[in-house]
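# Here is a sequence with its predicted model. Questions after.
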Amino acid sequence: MTTIRLATRESALALWQTRHVAGLLRAAHPGVQVELVPMTTRGDQVLDTPLAKIGGKGLFLKELEVAMQEGRADAAVHSMKDVPMALEPGFMLAAILERADPFDAFVSNSHDTLAGLPAGAVVGTSSLRRQAQVRALRPDLEVRDLRGNVQTRLGKLDGGDYDAILLACAGLERLGLGERIRSRLVAPDWVPAVAQGAIGIECRDGDTGVASLFAPLVHAETTVCVGAERAMNLRLHGSCHVPVAGFATLAGGRLHLQGLVGEVDSGRCVRAEAEGPAEEADALGQRVAEALLAQGAEAMLRG
């Protein structure tokens, strides 16, 4: 009998994702016992400061990685969009699962679309990527930072602090809150976060026994698409400190990738896209990154 301990954040969404992974793992390996190891990360604790100012999304991983280092957990479950482009030494990605809805949700109690908001309406989001794209499309709106878990953000909307908020469709749907989505913000007009909608499993580098247990959970198409997006972001040195977006699709063995880099204050955005063979996902990501840099993205990324 094998027992696998999965480290997870304590938010409702993180617990849903980890229980989902646990269920898939039990189905793939009927003899395996799966235990959850919930914990609070610094990213969850500091809610009064924009995430980009306190160290970025890597703060959602650190405590989980320490638990693996200390032998309290065997693997950790993450939203792939929170995973830094380069993992800390000593860790590896064991699997990327099939992607859910990758797009952003427009959520409002009184308006149906971003375009339908009146001038001066207040939009809440913690994402610099979303802030830049809102300002590009609707410079007449007021964009305010919004932190906290999904339920906290919805509570602030319902309390009247915002006219609309932007969240990930996948998170709302996984929590059974899909009815709160008034409209979806979709590509190519609106570009989601790199790897949005995908769940990843991290384990200790070289721990082949643990990694092999997750092999049946690997989704090849998602892995290729997310790989291209992350290769682009790695070349751009992107993080939540800068507004970078990327979205790849795979059809007929051909991979299409679009990327975006924006400026939060001005709403200026540069875009690039390219297509190539699925087996050249990394090269495609780097090619799109170079095209963005050629349009001035490097100065934008330096802030």
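Arrived safely. Since we're looking at a predicted model, the values are computed, not measured. Residues are numbered from 1 along each chain as shown.
# is it true that Arg230 lies in a strand?
No: counting by DSSP: H, G, I helix; E, B strand; the rest coil, one finds Arg230 to be helix, located in no strand.
# beta partners for Leu93?
Note on Leu93: beta-bridge partners by DSSP bridges are Glu202.
# With Leu260 instead?
Ala245, Arg271.
# Tell me, how many residues neighbour it?
26 (other C-beta atoms under 10 Å). Placement of C-beta: from N, CA and C, glycine included.
# need the contact list for it.
Counting by C-beta atoms under 8 Å, 6 or more residues apart in numbering, Leu260 touches Arg129, Gln133, Val191, Pro243, Val244, Ala245, Gly246, Cys269, Val270, Arg271, Leu292.
# got a list of what the second one touches?
Neighbour list for Gln133: Leu185, Trp190, Val191, Pro243, Ala245, Leu260, Gly262, Gly267, Cys269 [criterion: C-beta under 8 Å, 6+ apart].
# And the third one, by the same measure?
Val191 makes contacts with Arg129, Gln133, Ala245, Gly246, Phe247, Gln258, Gly259, Leu260, Arg271, as judged by C-beta under 8 Å, 6+ apart.
# From Met232, how far off is the residue nearest to Val32 when sequence neighbours are not counted?
With sequence-adjacent residues excluded and distances taken as C-beta to C-beta, 6 or more residues apart in numbering, Val32 is closest to Thr2, at 5.0 Å. Counting by C-beta to C-beta, to the nearest Å, the separation of Thr2 from Met232 is 37 Å.
# which element is Gly120 on?
Here Gly120, judged by DSSP states H and E, is contained in no helix and no strand.
# Without its sequence neighbours, what residue ends up closest to it?
What sits nearest to Gly120 in space, not counting adjacent residues and going by C-beta to C-beta, 6+ apart, is Glu142, at 6.2 Å.
# The one you found: neighbouring residues, count only.
Neighbour tally, Glu142, other C-beta under 10 Å: 14.
# separation between it and Arg135?
Taking C-beta to C-beta, one finds Glu142 at 10 Å from Arg135.
# Quick check on the contacts of Val191: which are buried?
Buried by 16 or more other C-beta atoms under 10 Å: Arg129, Gln133, Ala245, Gly246, Phe247, Gln258, Gly259, Leu260, Arg271, out of these.
# Just put those in CSV and tack on pLDDT and distance to Val107.
CSV is the format used below for those (pLDDT from 0 to 100; distance: C-beta to C-beta, whole Å):
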residue, pLDDT, distance to Val107
Arg129, 93, 17
Gln133, 97, 16
Ala245, 96, 19
Gly246, 97, 23
Phe247, 98, 20
Gln258, 98, 24
Gly259, 98, 26
Leu260, 97, 22
Arg271, 97, 25
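# From those, pick the one nearest Thr113.
Gln133 (14.1 Å; C-beta to C-beta).
# what about the closest one, which SS state?
Look at Gln133: counting by three-state DSSP, its state is helix.
# how much space is there between it and Met68?
35 Å.
# just Thr3 next, same as before
Distance of Thr3 to Met68, computed by C-beta to C-beta: 15 Å.
# And for Ala211?
12 Å.
# Who has more neighbours out of these two?
With neighbours defined as other C-beta under 10 Å, Ala211 and Met68 compare such that Met68 has more, 22 against 19.
# That one reaches Asp74, doesn't it?
Yes: assessed by C-beta atoms under 8 Å, Met68 is found in contact with Asp74 at 7.0 Å.
# Overlap of the contact sets of those two?
In contact with both Met68 and Asp74: Cys203, using C-beta under 8 Å, 6+ apart.
# residues in contact with the residue nearest to Val32?
His29, Gly31, Val32, Gln33, Leu213.
# what are the phi and psi angles of the third one?
Here the main-chain torsion angles of Val32 (degrees, to the nearest 10) amount to phi -90, psi 130.
# Check the burial of Leu154 by counting its neighbours.
Count around Leu154 with other C-beta under 10 Å applied: 19.
# quick one: it from Arg174, how far?
14 Å.
# Now do the residue nearest to Gly120 against Thr152, distance only.
Remark: distance between Glu142 and Thr152 (C-beta to C-beta) = 20 Å.
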